[in-house]
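> Okay, predicted coordinates and the sequence, questions at the end:
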Amino acid sequence: MASEMMTGKTQKRSLGEWAASRDGQKVFVMIAFMIIPLLLLFVFTYLPFAEMFGFSFYNMKYIGARKFVGLKNYVKVFQRDDCFGALKLSLYYMAGSVVQLALSLYLATILSFKVKGGNLFKGFMFFPFLINGIAIGFIFKFFYTRGFVFDTVLQWCGFELENLPYWLKDQSINNISLVGTSVWRYFGQNMVLFIGAIMSVDAELYEAAMLDGANRFQQFRYIILPGIKTIITLNVILSITGSLSAFEPPYVITSGANGTGTYFVIMHEIAHTQQKVGLASAMAIVLLMIIFAATILQKLFFKYVFKGADDEDLNASVKRDKKLAKYAARKAGR
């Protein structure tokens, strides 16, 4: 009887009473917290993207008349060597991202264990990521200039200045020099992410593995790698997609000269120097589609690589539990 009276009272509650109630206030608070970020996201992301997508169908400048050209801008992106051909330079940055991830994982594996001065070394390695990208560009522009820092260090090692290449002019090496800048800046960030993932692995697994005679490499292969496969997948996806949109090193250090102009640098020149806003907008849409496709392919690749990994993890978990039980029994028997 009491429950029926409470139900009837709830049903007769007016909108004002509901708004003043705890449930109504919860709903209003959630809506308020959702509206502000969604509004900012719409105004500063989705609305400009929709405008840019519309610009891609016009032959236009920032100021002046617009002429509708349909898909001609998209056709030009694939026909012009300076547009689509610039994507070939992304292969340099992709190769650099592989080196960067391998170096980050190697150092993270070492620094995850007790090492003298490890915390100081982590700080030094992560510090470049905190520096502004433009500032890093100017630092390395001075670093690679003929006869300056890098050449001076190499001369100390016995090299002759006349035998050294022009690091920013020689087209056989200048893109490799720029990729080295990106590796130096970002590998510390990846290293910290890897360290966080590795330290989340149960420390008793290493002790149990050592009792079974596993060396460091075997611990890395059978304990660390399976435990951090999610963060490895994430870092690879971010690094590969980031290499497709490289901008700061070639723009600040060389201004895209001597064959160093990446896709973003060429797009910037077409949009702001040549004032071909429609073509630049089409380039941005094409790059977005390429990044989207690359992300999907990478996810499919890792899904195939880790195929059946859940079953393996289950079996490995059972084995680890048995090892931990043995380890606990040995420890208790001491």
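Arrived safely, thanks for sending.
> Tell me who's in contact with residue 197.
With contacts defined as CB atoms under 8 Å, 6 or more residues apart in numbering, the neighbours of residue 197 are 227, 228, 230, 231. For every residue, glycine as well, the C-beta is placed using N, CA and C.
> residue boundaries of the strands in the stretch 1-150 of the chain?
58-59, 67-68 (DSSP state E, counting those that start in this stretch).
> among those strands, which is the most enclosed?
Among the strands of the stretch 1-150 of the chain, ranked by average contacts under mean count of other CB atoms under 10 Å, first place goes to strand 58-59 (a mean of 18).
> about what we covered before: any chance of the strands of the stretch 1-150 of the chain in TSV, plus mean pLDDT?
Below are these laid out as TSV (pLDDT from 0 to 100):
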stretch	mean pLDDT
strand 58-59	92
strand 67-68	92
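> For residue 153, which of those strands is the nearest?
strand 58-59 (50.5 Å; CB to CB).
> in which helix or strand would I find the spatially most central residue of the chain?
Closest residue to the average C-alpha location of the chain: residue 238 at 2.8 Å, with CA atoms, centre = their mean. Assessed by DSSP states H and E, residue 238 sits inside helix 229-244.
> Leaving aside the residues adjacent along the chain, what's closest to residue 178?
Spatial nearest neighbour of residue 178, excluding adjacent residues (CB to CB, 6 or more residues apart in numbering): residue 249 at 4.5 Å.
> show me the contacts for that neighbour.
With CB under 8 Å, 6+ apart, residue 249 has these contacts: 133, 136, 137, 140, 178, 179, 181, 182.
> Phi first, then psi, for it.
The phi/psi pair for residue 249 (degrees, to the nearest 10) reads phi -60, psi -50.
> Next: residue 21.
Dihedral pair for residue 21: phi -80, psi 170, per degrees, to the nearest 10.
> try residue 255
Dihedral angles (degrees, to the nearest 10) for residue 255: phi 60, psi 20.
> Could you number the chain from 45 rather than 1 from now on?
New numbering, starting at 45: the last item is residue 299.
> With adjacent residues omitted, what lies nearest to it?
Nearest residue to residue 299 in three dimensions, chain neighbours excluded: residue 309, at 7.9 Å (CB to CB, 6+ apart).
> and that neighbour, how many residues sit next to it?
Residues near residue 309, counting by other CB atoms under 10 Å, number 23.
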